[in-house]
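Colleague: Sequence first, then the predicted structure:
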Amino acid sequence: MTDRRDQRALFLVIVGMSLAFVAFGLLVDPPEQVLRGVGDIVFARDLVITDFAGVGGLGGAFVHAGLLTLVACAIYRITGAPVDGEAVACLLLVLGTALYGKTLLNIWPILVGVALYVWVRRDRLSDYVSTAFFATALSPMFSVLAFTTALPAWAGLVLGVATSVLIGFVVPPVARRLFDAHAGFTLYNMGFVAGVVGAVIVAVYRAFGLHPQPEMVWTSGHDTELLILLGIILAGLVVAAFLCDRRPWRDLGRLVRETGRAPTDFLSDCGAAAVLLNMAVIGTLATGYILVIGADLNGPVVAGILSVAGFGACGKHALNIVPIVVGVALAGLLKPFELTDPGLIWAALYGTCLAPIAGRFGPHWGVIAGFFHASTAQVTGELVAGLNLYGNGFAAGFVAAVVAPIAALLSHPRRPADTPDKPVPAA
């Protein structure tokens, strides 16, 4: 059970990061431009990859992301949902994806759908808050349908709301079932679920003549400002770790010996100080990788770095993510791609969800998983027409389902691949 003081510390850190995003946005652009930019973002017909800095300006994008995450934090507080390791990862994923897909408008129908599921089952809403926000991976579905020009405005809005509420309603039971497919060897179970659900819905709409066409907005030219912001955030994580414990590295050694296989909660196992230090370390590694390959820093890239750091609370650490990134980079060097291509950047950052494979079976299997993920992630997006914000999670589900059993057979021939390291929770 996670200590309440640890939960409070992580909650305050996330609130602080959200406020830092808002302050950053107001510093780089004047308030009137920021306000106009936030409006443009909220009503954007967003598809992956749409960098909101190219829609509403750098200031508008970061203020919007900070505000949306503060709304999410408020919902956690109002419902009494625990801020455990999963919640930390979820909230930082919200903070990041609000830079390129989730908006203050398009998340609500899915949240309502999950709440409706909870009401039908007569469960506690607090047990499903993280599930609800993870499910907003498919929130662009609302934006695309509501603001499409192929239908009358009222019809698009009704179709967008109905589809998104349905998504929220079906995602929780589907998530339980599909977890067995990868047995916890990908940390982005909801990315896999959203991919499967989204593929079915997109196939139906395509059969009726609606064909979403992914459009890409990938900005550049903000490297200095964003590097400063990332530096402040990562340094803030280190400071917070030392405020929680004068020797935060004491439990970090125990943390990095964990396999990271889902479900894992580093916060309850190792405490807030070790988690914050771990988040800072792997966030720095992710940032360093981007700088080494010479890629642009923009909204989607910052989102990927935040995702790496966020899951440092429930599965990722330096020893199990590096092999995945090496595998992706190796695939990029051996194929006609540039490591700075958006698809390969995201494969390297979000592909670290396969970290449990390296943690359980060894770094060489992590390299293999990363290598295959680099290719798989390039093709699975077409199945959902770019509407799944966790597209790499969708690809990783297939990779984990194939690589993990083979790795288990060759590494532990007497132990089944689906034997969990820890009991799988009901929720």
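Modeller: The structure has been received and is ready for your questions. Numbering: from 1, shown residues only.
Colleague: Longest helix in the protein, please.
Modeller: helix 153-182 (DSSP state H).
Colleague: now that one, how far from the centre of its chain.
Modeller: Counting by C-alpha atoms, centre = their mean, to the nearest Å, helix 153-182 is centred 18 Å from the centre of its parent chain.
Colleague: Make residue 1 into 580 and carry on from there
Modeller: Noted, 580 is the first residue going forward, which turns the last one into helix 732-761.
Colleague: for the record, mean pLDDT for the helix or strand following that helix?
Modeller: Proceeding N to C from helix 732-761, the next assigned helix or strand is helix 768-786, under DSSP states H and E. Across helix 768-786, pLDDT averages out at 92.
Colleague: what angle separates helix 768-786 from helix 732-761?
Modeller: 130 degrees (axes from the mean of the first three to the mean of the last three C-alpha atoms, to 10 degrees).
Colleague: ok, and for helix 768-786, which residues are buried?
Modeller: Within helix 768-786, the residues that count as buried by 16 or more other C-beta atoms under 10 Å are 768-778, 780-781, 784. Heads up, the C-betas are built off the backbone N, CA and C, glycines and all.
Colleague: For residue 658, state which of those is nearest.
Modeller: residue 769 (18.5 Å; C-beta to C-beta).
Colleague: and the closest one, what does it touch?
Modeller: 710, 713-714, 716, 750, 754, 969, 972 (C-beta atoms under 8 Å, 6 or more residues apart in numbering).
Colleague: Out of the residues you listed, name the ones that lie in helices.
Modeller: Those of the contacts of residue 769 mapping onto helices are 710, 713-714, 750, 754, 972, per DSSP H.
Colleague: Quick check: of those, which lies closest to residue 690?
Modeller: The closest of the ones in helices among the contacts of residue 769, once distances to residue 690 are taken by C-beta to C-beta, is residue 714, at 8.0 Å.
Colleague: Surely the closest one and residue 693 touch.
Modeller: Yes. If you go by C-beta atoms under 8 Å, residue 714 and residue 693 touch, sitting 6.0 Å apart.
Colleague: more neighbours, those two?
Modeller: The residue with more neighbours, out of residue 714 and residue 693, is residue 714; 29 against 25, by other C-beta atoms under 10 Å.
Colleague: I'd like the distance between residue 782 and residue 723.
Modeller: 15 Å (C-beta to C-beta, to the nearest Å).
Colleague: on that earlier part again, wait, which of the contacts of residue 769 is closest to residue 849?
Modeller: Within the contacts of residue 769, the smallest distance to residue 849 is 22.7 Å, found for residue 713 (C-beta to C-beta).
Colleague: ok, the closest one - contacts?
Modeller: Here residue 713 is in contact with 669, 672, 769 (C-beta under 8 Å, 6+ apart).
Colleague: Off-centre distance for the lowest-mean-pLDDT helix or strand in the chain?
Modeller: Of all helical and strand segments in the chain, the minimum by mean pLDDT, DSSP states H and E falls on helix 719-725, at a mean of 90. Its chain's average C-alpha position is 19 Å from that of helix 719-725, according to C-alpha atoms, centre = their mean.
Colleague: outside of that helix, which residues touch it?
Modeller: For helix 719-725, using C-beta under 8 Å, 6+ apart, the contacting residues are 623-627, 680, 682, 684-685, 688-689, 730, 735-736, 738-740, 742-743, 746, 777, 780, 789, 791, 965-966, 968.
Colleague: Using PDB, write down the CA coordinates of that helix.
Modeller: Listed in PDB are the C-alpha atoms of helix 719-725, where the atom choice follows Å, rounded to 0.1, in the frame of the first residue of the first chain:
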ATOM      1  CA  PRO A 719      -9.100  12.400 -31.200                       C
ATOM      2  CA  MET A 720     -12.000  10.300 -32.400                       C
ATOM      3  CA  PHE A 721     -14.400  12.900 -31.100                       C
ATOM      4  CA  SER A 722     -12.500  15.800 -32.700                       C
ATOM      5  CA  VAL A 723     -12.400  14.100 -36.100                       C
ATOM      6  CA  LEU A 724     -16.100  13.200 -36.100                       C
ATOM      7  CA  ALA A 725     -17.400  16.400 -34.500                       C
END
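Colleague: In it, which residues are buried?
Modeller: Residues 719-725 are the ones in helix 719-725 that count as buried (16+ other C-beta under 10 Å).
Colleague: One more: stretch 740-750?
Modeller: Neighbour-count burial for stretch 740-750 flags 740, 742-750 (criterion: 16+ other C-beta under 10 Å).
Colleague: what about residue 974, neighbour count?
Modeller: Counted with other C-beta under 10 Å, residues neighbouring residue 974 total 33.
Colleague: Where does it sit, in terms of helix or strand?
Modeller: Element membership of residue 974 [criterion: DSSP H and E] is helix 970-990.
Colleague: And that helix, what does it pack against?
Modeller: helix 732-761, helix 768-786, helix 921-929, helix 934-940, helix 942-959 (3 or more C-beta pairs under 8 Å, 6 or more residues apart in numbering; DSSP states H and E).
Colleague: Please save the CA atoms from the fourth one in PDB.
Modeller: The reference is to helix 934-940. The C-alpha trace of helix 934-940 is given here as PDB (Å, rounded to 0.1, in the frame of the first residue of the first chain):
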ATOM      1  CA  ALA A 934      11.100  -2.500 -20.800                       C
ATOM      2  CA  PRO A 935       9.700  -5.500 -18.800                       C
ATOM      3  CA  ILE A 936      11.100  -7.800 -21.500                       C
ATOM      4  CA  ALA A 937      14.600  -6.600 -20.900                       C
ATOM      5  CA  GLY A 938      14.100  -6.600 -17.200                       C
ATOM      6  CA  ARG A 939      12.800 -10.200 -17.100                       C
ATOM      7  CA  PHE A 940      14.800 -11.900 -19.800                       C
END
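Colleague: what is in contact with residue 714 and residue 693 at once?
Modeller: Common contact partners of residue 714 and residue 693 (C-beta under 8 Å, 6+ apart): 747, 750-751.
Colleague: Export those residues as JSON lines, with columns for pLDDT.
Modeller: JSON lines is the format used below for the shared contacts of residue 714 and residue 693 (pLDDT from 0 to 100):
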{"residue": "747", "pLDDT": "97"}
{"residue": "750", "pLDDT": "96"}
{"residue": "751", "pLDDT": "96"}
